[in-house]
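Undergrad: What follows is a predicted structure for the sequence shown.
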Amino acid sequence: KAGVTQTPRYLIKTRGQQVTLSCSPISGHRSVSWYQQTPGQGLQFLFEYFSETQRNKGNFPGRFSGRQFSNSRSEMNVSTLELGDSALYLCASSSDRGTEAFFGQGTRLTVV
Amino acid sequence: AQTVTQSQPEMSVQEAETVTLSCTYDTSENNYYLFWYKQPPSRQMILVIRQEAYKQQNATENRFSVNFQKAAKSFSLKISDSQLGDTAMYFCAFIQNFGNEKLTFGTGTRLTIIP
């Protein structure tokens, strides 16, 4: 069974640009969550999607958005990038009756 | 709001020795899940061990075991016979349930196994 797949692995963007990150969950998992990891703030929850609906949202500005498709794949978008958005973005999936979250390898975003 | 505290930013231990990483948490709930995740330099977050709060028995996975003290809200990880591959960041995490909640992580402990 394939694990959680995140693409791309690395991204370099310029301030003011926008970026889209992708996450394919484990087959059969309908819940996808996104986390931002930085040295200063640690791991912070962005949002969670289940069956194409956002169920839960963290405390991030509106520049951060996401969506989920009917095949459970999820994308997150960051518009008007700022230097502080440089981080490792992690995606996790869990099953409907899940008791654990499985993480992808992350996307390392660098904003210059 | 739930909080998770890891008071040891860094630890190091000789290979083959035993090491214990500490974690405390704060919640008013009675049922929840606790986890230890390992994040090696490859950056992928790997689940090491899981504990369900309603289970009194401490979880064990090969060389990894936990000491779960529910009343004290303590959840420590013991690594026995440590190996070089155990070198990583270790995060303690809490979730009340997976239906509509987020994982709350501690700040992590950087563990180095010395050959």
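TA: Right, received. Where do you want to start? Just so you know, these numbers come straight off a predicted model, no measurement behind them. Numbers count the residues shown, from 1 in each chain, chains lettered A, B, ... in the order given.
Undergrad: contacts, neighbours, all on C-alpha from now
TA: OK.
Undergrad: May I see the buried residues of stretch B:68-83?
TA: Buried residues in stretch B:68-83, counted by 16 or more other C-alpha atoms under 10 Å in any protein chain shown: B:68, B:74-80, B:82-83.
Undergrad: contacts for that stretch?
TA: For stretch B:68-83, contacts defined as C-alpha atoms under 8 Å, 6 or more residues apart in numbering or on different chains pick out B:14-26, B:34, B:36, B:51, B:53, B:56, B:58, B:63-67, B:113.
Undergrad: Tell me which of those fall in strands.
TA: If you go by DSSP state E, these have B:14, B:19-21, B:24-26, B:34, B:36, B:51, B:64-67, B:113 in strands.
Undergrad: Using CSV, write out every CA atom in the one helix or strand A:Asn56 maps to.
TA: Taking DSSP states H and E as the definition, A:Asn56 sits inside strand A:53-57. Extracted in CSV, the C-alpha atoms of strand A:53-57 (Å, rounded to 0.1, in the frame of the first residue of the first chain):
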residue,chain,number,x,y,z
THR,A,53,-15.1,19.6,3.0
GLN,A,54,-12.9,21.6,5.3
ARG,A,55,-13.7,20.3,8.8
ASN,A,56,-11.1,22.2,10.8
LYS,A,57,-8.9,25.2,10.4
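Undergrad: Any residue of it touching chain B?
TA: Yes - using C-alpha under 8 Å from any C-alpha of the partner chain, we find that strand A:53-57 touches chain B at A:55-56.
Undergrad: partner residues bridging the nearest residue to A:Tyr89 once chain neighbours are set aside?
TA: Excluding the flanking residues, the one nearest A:Tyr89 by C-alpha to C-alpha, 6 or more residues apart in numbering or on different chains is A:Gln36, at 4.7 Å. Beta-bridge partners recorded for A:Gln36 (DSSP bridges): A:Gln44, A:Tyr89.
Undergrad: Do you know the pLDDT at A:Gln36?
TA: If you check A:Gln36, the pLDDT there is 97.
Undergrad: Is it correct that it is in contact with A:Ala92?
TA: No - using C-alpha atoms under 8 Å, A:Gln36 makes no contact with A:Ala92, being 11.4 Å away.
Undergrad: Which residue of the two possesses the greater neighbour count?
TA: Legend: neighbour count by other C-alpha atoms under 10 Å in any protein chain shown for A:Gln36 and A:Ala92, higher for A:Ala92 (27 against 20).
Undergrad: OK, contacts around that one?
TA: A:4, A:25, A:32-34, A:101-104.
Undergrad: Now go through the residues you listed and say which are in strands.
TA: Short answer: the contacts of A:Ala92 in strands (DSSP E) are A:32-34, A:102-103.
Undergrad: ranges for the strands of chain A?
TA: Under DSSP E, chain A gives strands at A:5-7, A:10-13, A:19-24, A:31-38, A:42-50, A:53-57, A:64-68, A:74-78, A:87-94, A:102-103, A:107-111.
Undergrad: can I get the CA coordinates of the fifth one in CSV?
TA: Output in CSV follows, covering the C-alpha atoms of strand A:42-50 (Å, rounded to 0.1, in the frame of the first residue of the first chain):
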residue,chain,number,x,y,z
GLY,A,42,7.3,24.2,15.5
LEU,A,43,4.5,22.2,14.0
GLN,A,44,1.3,24.2,13.5
PHE,A,45,-2.0,23.0,12.1
LEU,A,46,-3.2,24.6,9.0
PHE,A,47,-6.4,22.8,8.1
GLU,A,48,-8.1,19.4,7.7
TYR,A,49,-10.3,18.2,4.9
PHE,A,50,-12.7,15.3,4.9
